[in-house]
Every structure is written in structure tokens, then in C-alpha cells.
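**Student:** 3D model of this:
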Amino acid sequence: MKSAPRGKKHANPRWRGALSVWLTRRWQRRKLAFALLPLAPLAFLFACLAALRRALYRVGWLSSVTLPVPVIVVGSLTVGGAGKTPLTLCIAQFLQASGFCPGILSRGYGCVRGAAAPRPVFPHSDPAEVGDEPVLLALRGKMPVWVGRDRAATGAALLENCPGVNVLICDDGLQHLRLRRDVEIAVFDGCGAGNGHLLPLGPLREPLSRLAGTDALVFNGAPDARVSRAGGASFDMRLLPGMFYRLDKPEIRCAAEALAPKTLRALAGIGHPERFFRTLEQMGLKFSAHVFPDHHAYRSGDLTFLPGEALLMTEKDGVKCARFCAHPGMPEIWALPVTAELPPTFFNLLLEKLKWTQNSSTSSSAPSAKATCCTRKSNRN
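**Tutor:** The predicted model follows:
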């Protein structure tokens with residue numbers, strides 16, 4: 001049986017990336033794009049199903065689970081990357097420095113072989129099995145990271161295997177109502193609510209009215225007044241780029257100035273690749289840009305260009321591409337880490353919420369750490 005021609009083998013990811021960029025750009029406009037109007041009936045159906053699902057949880061026809069430790073959910077109303085993972089890591093490191101023992105939960109998006117059952121993630125885990133973002137969190141966080149389709153069951157498994165953990169942070173999961181939460185944080189990038197419509201007519205997974213129940217809004221970019229009016233306390237977040245590091249030898253680091261003389265190609269398989277490219281431009285680098293779909297499963301051919309060129313990519317892409325570094329003919333590959341920065345008032349609010357939760361918990365009977373649910377009161381449905 002003949003193998004597919006090399007050109008056709010790699011054409012589909014590039015086409016999907018171009019389609020994703022086209023759709024995202026029209027979602028991001030404040031005014032509804034005429035080309036999206038045929039999607040209006042699907043958006044109406046999506047809105048009805050989402051409202052019905054939430055109502056079923058509210059009346060108790062669908063059951064939710066309360067874990068025996070406080071749960072913080074870092075999520076978004078919009079599709080794509082808004083900065084949830086850097087914020088999750090920032091919160092986890094702050095809590096760790098404040099004397100807590102945090103654990104991180106993730107759905108494991110992007111894993112091609114599935115992560116249905118709860119399982120731990122380690123720095124050496126295969127992103128194809130557990131997802132790229134969980135591996136990145138395990139590399140950077142130095143704390144327990146578990147993935148699973150059911151976040152409530154995943155949280156229970158983490159607590160059973162890591163009994164010292166006393167707070168859980170869920171990377172994404174604002175819409176995963178099966179897991180009760182004590183603190184909800186909604187993240188938005190500079191595009192805010194985009195055109196303000198639900199999927200697939202717009203970027204929203206839930207209507208803006210959903211923000212009335214959140215504890216904090218975090219803006220990774222210019223605040224959107226429509227979002228601010230719908231939610232509670234608002235905070236600005238900045239993603240600060242660090243030093244580039246060689247993917248095959250992470251101990252080798254350099255500033256952007258050292259890479260400027262090279263012929264550069266920038267690859268991005270993230271929700272908003274333009275943000276990464278804009279960061280590189282602000283660092284004074286010139287490059288040719290290559291867009292791939294979010295959570296793209298890279299192959300060695302995606303990284304093969306002309307001899308002497310160097311590749312730049314996000315850390316999230318880097319965890320998937322590190323295994324190709326030993327392949328013959330691979331160019332230099334440099335990853336750019338970013339760190340979230342937030343004002344002290346955000347962390348003060350977080351500590352106040354956790355203190356209230358702990359006080360509420362101690363007033364009730366103490367549950368078993370191995371239980372999948374408990375009787376501790378939660379302020380979220």
C-alpha cells in the first residue's frame with residue numbers, strides 16, 4: 001500500500017490552522033461578521049442545550065460532587081487560549097509559597113490517545129497521552145498534576161494518592177458543573193467577549209450573564225467593558241516573557257538579542273498564535289510565522305526547514321517537540337517561557353476566599369480525605 005505524498009501528509013494541519021485563524025479573527029470583532037450569519041441557528045441550539053444543562057444541575061436532576069478540600073476553578077467563557085494555564089501556575093506557586101499544598105487538575109485537552117481515567121502527570125509524561133498543558137504544569141509547577149475527563153473523579157484520585165494536598169486548582173473547567181467549586185476565576189484576553197455571541201456564531205461558551213456568579217475577572221489584555229459590567233472584581237494580568245532556552249539542552253538560555261542575527265521561523269499551535277508572534281516582534285525579532293491548530297500533534301516534518309535556520313516556539317509547543325531534537329537534520333529549537341504577573345489585591349482576594357471556605361469547612365463534620373464527596377458546604381453549583 002503506497003504511503004501518502006509528503007506534501008499531502010502535512011497539508012491538513014496547515015489548512016486547519018488557517019481555518020482556525022480565519023474563524024477566530026471574525027469572532028474577535030465587536031460587530032458580527034456577515035459571513036458567520038449561517039451559523040445563527042446552531043448558536044441558538046447551543047444556547048438552549050447549555051441553559052438546559054445548567055438548569056438540570058440547579059434543580060438537582062444532574063448531581064455534582066463536593067471534594068473535601070477547597071477547589072479553585074480557573075476558566076474562561078471564550079474558546080481558545082486566554083492565559084488560563086499561566087494563571088493556574090501563578091496561583092499554584094503563590095499558594096505553595098503561602099504555606100498551602102496545592103494540586104492541579106486538568107482535562108488533558110490535546111491528548112490523541114485519551115485521558116479518560118484519572119492519572120498522574122510527570123515532567124517526562126507523553127503529551128500525546130495526557131495533554132501538552134498538564135505536562136507543562138508538571139515541568140514548571142513542582143506539585144501534583146492529574147488529568148482525567150471527569151474532574152471530580154480526578155480530584156478524588158489525586159487526594160487519595162497525595163493526602164497532603166489541601167487545595168485543588170482546576171485548569172479550565174468553568175463549564176464542568178459536576179465538580180463543585182469554592183472560587184471561580186474567569187480569564188479574558190484582549191479581545192474580551194469578541195462579538196458577544198455563543199458558539200459557533202461567536203467565541204462564547206456561555207452567555208455573559210454567567211459571570212455574575214464568579215469571584216474574579218482577570219484580563220490578559222485591555223479590559224472589555226461588557227465583561228466588567230457582567231462580573232465582579234476585575235484584575236489585570238501581564239504575561240512576561242523570560243529567557244529563551246534550547247529545547248534539547250534546557251540549561252542553555254539566551255536573550256532575544258542573541259537570536260536576532262539568525263534566520264528565524266516561529267511556530268505556534270496555540271489558541272491565539274498572533275499573541276506569540278506579537279511578543280516576538282516586541283522583543284525585536286524578525287521571523288516567518290507558521291500557524292498550526294491549537295493542541296496540534298506535531299510531526300518531525302513540521303519542524304524541518306532550510307539548513308541553518310532556527311525555530312522559535314511557545315513552551316506549550318515545546319513539550320511536544322522536544323522528542324524530535326535528536327532526529328537527524330533538526331534545526332536549533334528555542335522555547336519561550338512566560339510568567340503571569342498580577343496585582344497583590346488579586347492574591348489578597350484569593351486568600352480571603354480560601355479563609356472563608358476553611359472556616360465554613362471546620363464548622364461541619366470532618367470528611368475522609370479518600371471520599372469522592374463530602375458534606376462540606378460549597379458556595380457554587
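**Student:** which residues sit against stretch 238-252?
**Tutor:** Residues from elsewhere that reach stretch 238-252 (Cβ atoms under 8 Å, 6 or more residues apart in numbering): 83, 86, 220, 253-256, 258-259, 279, 283, 312, 318, 321-322, 325-326, 332-341. The C-beta positions use only the backbone N, C-alpha and C, and glycine is treated the same way.
**Student:** now do the buried residues in it.
**Tutor:** Residues 239, 244, 245, 246, 247 are the ones in stretch 238-252 that count as buried (16 or more other Cβ atoms under 10 Å).
**Student:** cool, and stretch 192-209?
**Tutor:** Buried residues in stretch 192-209, counting neighbours by 16+ other Cβ under 10 Å, are found at 192-208.
**Student:** ends of it, what's the gap?
**Tutor:** 14 Å (Cα to Cα, to the nearest Å).
**Student:** same question for stretch 337-352.
**Tutor:** This stretch, stretch 337-352, spans 30 Å end to end (Cα to Cα).
**Student:** repeat that for stretch 314-325.
**Tutor:** End-to-end distance for stretch 314-325: 15 Å, by Cα to Cα.
**Student:** contacts for that stretch, please.
**Tutor:** The contact list for stretch 314-325, computed with Cβ under 8 Å, 6+ apart, reads 85, 127-128, 132-133, 135-136, 139, 247-248, 267-270, 276, 296-298, 300, 303, 313, 330, 333, 335-338.
**Student:** go again using 7 Å as the cut-off
**Tutor:** With contact meaning Cβ atoms under 7 Å, 6 or more residues apart in numbering, stretch 314-325 is reached by 127, 132-133, 135-136, 139, 247-248, 267-270, 276, 298, 300, 303, 313, 330, 333, 335-337.
**Student:** and those, which of them are buried?
**Tutor:** 127, 132-133, 135-136, 139, 247, 267-270, 276, 298, 303, 313, 330, 333, 335-337.
**Student:** taking the buried residues of stretch 238-252 together, which two end up most distant?
**Tutor:** 239 and 246 (21.5 Å; Cβ to Cβ).
**Student:** pLDDT at residue 122, what is it?
**Tutor:** Note for residue 122: predicted pLDDT of 96.
**Student:** for residue 165, see how far away it is.
**Tutor:** Noted for residue 122: a distance of 16 Å to residue 165, by Cβ to Cβ, to the nearest Å.
**Student:** show me which of these two is the more surrounded one.
**Tutor:** A direct count of neighbours by other Cβ atoms under 10 Å for residue 122 and residue 165 places residue 165 higher, at 20 against 13.
**Student:** okay, that one and residue 144: tell me how far apart.
**Tutor:** Relative to residue 144, residue 165 is positioned 6 Å away (Cβ to Cβ).
**Student:** now list whatever residues contact both of these two.
**Tutor:** Residues touching both residue 165 and residue 144 by Cβ under 7 Å, 6+ apart: 103, 158.
**Student:** where do the helices of the stretch 51-200 of the chain begin and end?
**Tutor:** Using DSSP state H, counting those that start in this stretch, the helices of the stretch 51-200 of the chain run over 84-97, 127-130, 132-141, 151-161.
**Student:** what residue ranges in the stretch 101-250 of the chain score low on pLDDT?
**Tutor:** 110-115 (pLDDT under 70).
**Student:** mind checking the SS state of residue 312?
**Tutor:** Assigned by DSSP: H, G, I helix; E, B strand; the rest coil, the conformation of residue 312 is strand.
**Student:** check contacts around it.
**Tutor:** By Cβ under 7 Å, 6+ apart, the contact set of residue 312 is 264, 266, 280, 287, 334, 336.
**Student:** what residues are bridge-paired with the first one?
**Tutor:** Put plainly, it is residue 264. Residue 264 has these beta-bridge partners by DSSP bridges: residue 310.
**Student:** now do the last one
**Tutor:** Beta-bridge partners of residue 336, counted by DSSP bridges, are residue 314.
**Student:** now do it, the pLDDT please.
**Tutor:** Note for residue 336: predicted pLDDT of 98.
**Student:** against residue 219, how distant is the residue lying closest to residue 211 once chain neighbours are set aside?
**Tutor:** Nearest non-adjacent residue to residue 211, counting by Cβ to Cβ, 6 or more residues apart in numbering: residue 231, 3.5 Å away. Distance from residue 231 to residue 219, counting by Cβ to Cβ: 10 Å.
**Student:** what of residue 287?
**Tutor:** For residue 287, the distance to residue 219 (Cβ to Cβ) stands at 28 Å.
**Student:** same check, this time on residue 146
**Tutor:** As judged by Cβ to Cβ, residue 146 and residue 219 stand 29 Å apart.
**Student:** for burial, what's the neighbour tally of residue 97?
**Tutor:** Number of residues near residue 97 (other Cβ under 10 Å) recorded here: 9.
**Student:** residue boundaries of the strands in the stretch 51-200 of the chain?
**Tutor:** Using DSSP state E, counting those that start in this stretch, the strands of the stretch 51-200 of the chain run over 71-75, 102-106, 119-121, 145-147, 167-171, 183-189.
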